[in-house]
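>>> predicted structure and sequence below. I'll ask about it afterward.
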Amino acid sequence: MRATFKRPRFASVLDQAGENTDSAHMKKPLAEGKLPVELLDRLLRHTSHSPLLAIGAAPGEDAAVAPGSATLVITADPITFTDERIGAYTVAVNANDIVAMGGVPTYLTATILLAPGATEDDLERIFVDIADACGKAGILWVGGHTEVTRVVNRTVVCGQAVGFLHRAALSTGGARPGDILCMTKWVGLEGTTLIARERGDEASRILGAERLAGVLEWLDVPGISIVKEGRALADLPLSAAHDPTEGGVAMGIQEMCSRSGTGCLLIEEKLPIREETRLLCARYGMNPLGLLSSGVFLFTAAPQTASEACRLLQAEQIPATEVGTILPAGEGTWIEKKGKREPLAFSEQDEIVKLASYSD
């Protein structure tokens, strides 16, 4: 059964009857520690309300309660690389983990840690961003925890998602020799949007204003969520699936092969890498294959199933490509460039970390 819920009205805090409407007040730094009950109560109006919740988010409640019983899929992921559109990133990376296991993401909680100096306006934007992303993904945001603390020097959001399994569970470790490796969207999708947001002026000089605007829109179109992929492929017998995040597509493939006890041959010419990604990575000495890639869905399947999967995804306007073949155990992970094989380089440390330390 698909979740149905009533989305809250995203009213500005300035039009709440009986509340302070002084814009200067809204921009005052929040005090450290827990939020005032009145502010928390107002912000929690953005969270979900649904018959699927026995108890929803409310001041004083320790957790949300969902009635019924089913096989649960549970994950948690923080966002630490950026505070621009941090709500959208939080929803996507947590929901994607559920989808990669074959589940349907249904509930989200979020712990929001703000550095001293943050304002109510800052917090309102985060709440609205999370609520909007949850609404688009069909996820119920059921609360969490919010505080201002000097432990952080920029905003950090730690999400936790819970979903339900309505099919045979997928895992990273189910790939089989002879399977086809497929991916959706393009390499370094998430990381490219982060570079564009964090280094906007320089990215504009490299890409031009029009292409930079296009990259910034990638966060929403095609988006860094793989929920649509999960729905499109729900009835197909995939053998393995993965949501590549830190370390990018290269690390994601290595993790799949390591868990599956297989090797892989990746074909460079088949890899979808956008020119914008190549240009920005070249500027900062980054390898696109090692760049944050939330929004990409890596999966393996028998050849006929892989072709059908790509056809179904493309029918849903989701780019999908067959990019390699799974090899038997002991044959290693390779990338073929113009007919020549070389080992597929990978690193657990994402290429995006080079951004902070880069200097000419």
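Nice, I can see it.

>>> quick one: the closest residue to Lys337 other than its chain neighbours from Arg341, how far?
Residue nearest to Lys337 in three dimensions, not counting chain neighbours: Glu268, with 4.6 Å by Cβ to Cβ, 6 or more residues apart in numbering. For every residue, glycine as well, the C-beta is placed using N, CA and C. Distance check for Glu268 against Arg341: by Cβ to Cβ, to the nearest Å, it reads 10 Å.

>>> mutual contacts of those two, please.
Ile335 (Cβ atoms under 8 Å, 6 or more residues apart in numbering).

>>> who has more neighbours, these two?
Glu268 (16 against 12; other Cβ atoms under 10 Å).

>>> now stretch 169-182: how far from the chain's centre is it?
21 Å (Cα atoms, centre = their mean, to the nearest Å).

>>> now the end-to-end length of that stretch.
Criterion Cα to Cα, to the nearest Å; first-to-last residue distance in stretch 169-182 is 18 Å.

>>> which of the residues in that stretch are buried?
For stretch 169-182, burial by neighbour count (16 or more other Cβ atoms under 10 Å) applies to Leu170, Ser171, Thr172, Gly173, Gly174, Ala175, Asp179, Ile180, Leu181, Cys182.

>>> looking at the residues you listed, which are in strands?
Under the assignment DSSP state E, the buried residues of stretch 169-182 contribute Ile180, Leu181, Cys182 to strands.

>>> which non-adjacent residue is nearest the second one?
Nearest in space to Leu181, with sequence neighbours left out and distances taken as Cβ to Cβ, 6+ apart, is Gly324 at 4.0 Å.

>>> next, count neighbours for the one you found.
The burial count for Gly324: 25, using other Cβ under 10 Å.

>>> one more: Leu165?
16.

>>> ditto for Ser204
15.

>>> need the contact list for it.
Counted by Cβ under 8 Å, 6+ apart, Ser204 has contacts Leu212.

>>> element containing it?
helix 200-207 (DSSP states H and E).

>>> centre of the chain to stretch 280-288, how far?
21 Å.

>>> closest to the centroid, which residue in this protein?
The centroid of the chain falls nearest to Val93 when counting by Cα atoms, centre = their mean (2.6 Å).

>>> ok, now which ones touch the residue nearest to Lys337?
So Glu268 contacts Ile335, Glu336, Lys337, Lys338 (Cβ under 8 Å, 6+ apart).

>>> circling back: what is the nearest of the ones in strands among the buried residues of stretch 169-182 to Met251?
Met251 has its nearest neighbour among those in Leu181, at 14.1 Å by Cβ to Cβ.

>>> list the contacts for that closest one?
Contacts for Leu181 (Cβ under 8 Å, 6+ apart) come out as 175, 253, 256, 264, 266, 298-300, 322-326.

>>> recalculate using a threshold of 6 Å.
Thr300, Val323, Gly324 (Cβ atoms under 6 Å, 6 or more residues apart in numbering).

>>> mind listing the residues bridging to it?
Counting by DSSP bridges, Leu181 is bridged to Thr300, Gly324.

>>> return the per-residue confidence for it.
For Leu181, the model assigns a pLDDT of 98.

>>> what's the answer for the one 10 residues further on, then?
Per-residue pLDDT puts Gly191 at 95.

>>> is it true that it touches Ile352?
Yes. Counting by Cβ atoms under 6 Å, Ile352 is a contact partner of Gly191 at 5.1 Å.

>>> between the two, which contacts overlap?
With Cβ under 6 Å, 6+ apart, Gly191 and Ile352 have common neighbours Leu292.

>>> if you count surrounding residues, which of the two has more?
Using other Cβ under 10 Å, the more surrounded residue of Gly191 and Ile352 is Gly191, with 28 against 23.

>>> next, the angle helix 200-207 makes with the helix or strand encompassing that one.
Assigned by DSSP H and E, Gly191 falls within helix 189-198. Orientation note: helix 189-198 sits at an angle of 120 degrees relative to helix 200-207 (axes from the mean of the first three to the mean of the last three Cα atoms, to 10 degrees).

>>> buried set for helix 189-198?
Leu189, Glu190, Gly191, Thr192, Thr193, Leu194, Ile195, Ala196, Arg197, Glu198.

>>> can you pick out the most distant pair from those residues?
Leu189 and Glu198 (15.4 Å).

>>> run through the stretch 251-360 of the chain and note the low-pLDDT ranges.
The model of the stretch 251-360 of the chain has pLDDT under 70 over residues 359-360.

>>> all strands of it, in order?
263-267, 298-301, 320-327, 333-337, 340-343 (DSSP state E, counting those that start in this stretch).

>>> who wins for proximity to Ala110 among the ones you listed?
strand 298-301 (25.8 Å).

>>> show me what that closest one is packed against.
With contacts defined as 3 or more Cβ pairs under 6 Å, 6 or more residues apart in numbering; DSSP states H and E, the packing partners of strand 298-301 are strand 180-184, strand 240-242.

>>> for the ones you listed, which one sits closest to Leu53?
Judging these by Cβ to Cβ, what sits closest to Leu53 is strand 240-242, at 28.5 Å.

>>> give me the contacts around that closest one.
Residues contacting strand 240-242 (Cβ under 6 Å, 6+ apart): Ala100, Leu170, Thr172, Gly174, Ala175, Gly252, Met256, Leu298, Phe299, Thr300.

>>> and of the residues you listed, the nearest to Ala315?
Phe299 (16.5 Å).

>>> before we move on, the earlier item: redo the ones in strands among the buried residues of stretch 169-182 as a markdown table? Include distance to Arg205.
Shown next, in a markdown table, are those (distance: Cβ to Cβ, whole Å):
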| residue | distance to Arg205 |
| --- | --- |
| Ile180 | 40 |
| Leu181 | 36 |
| Cys182 | 35 |
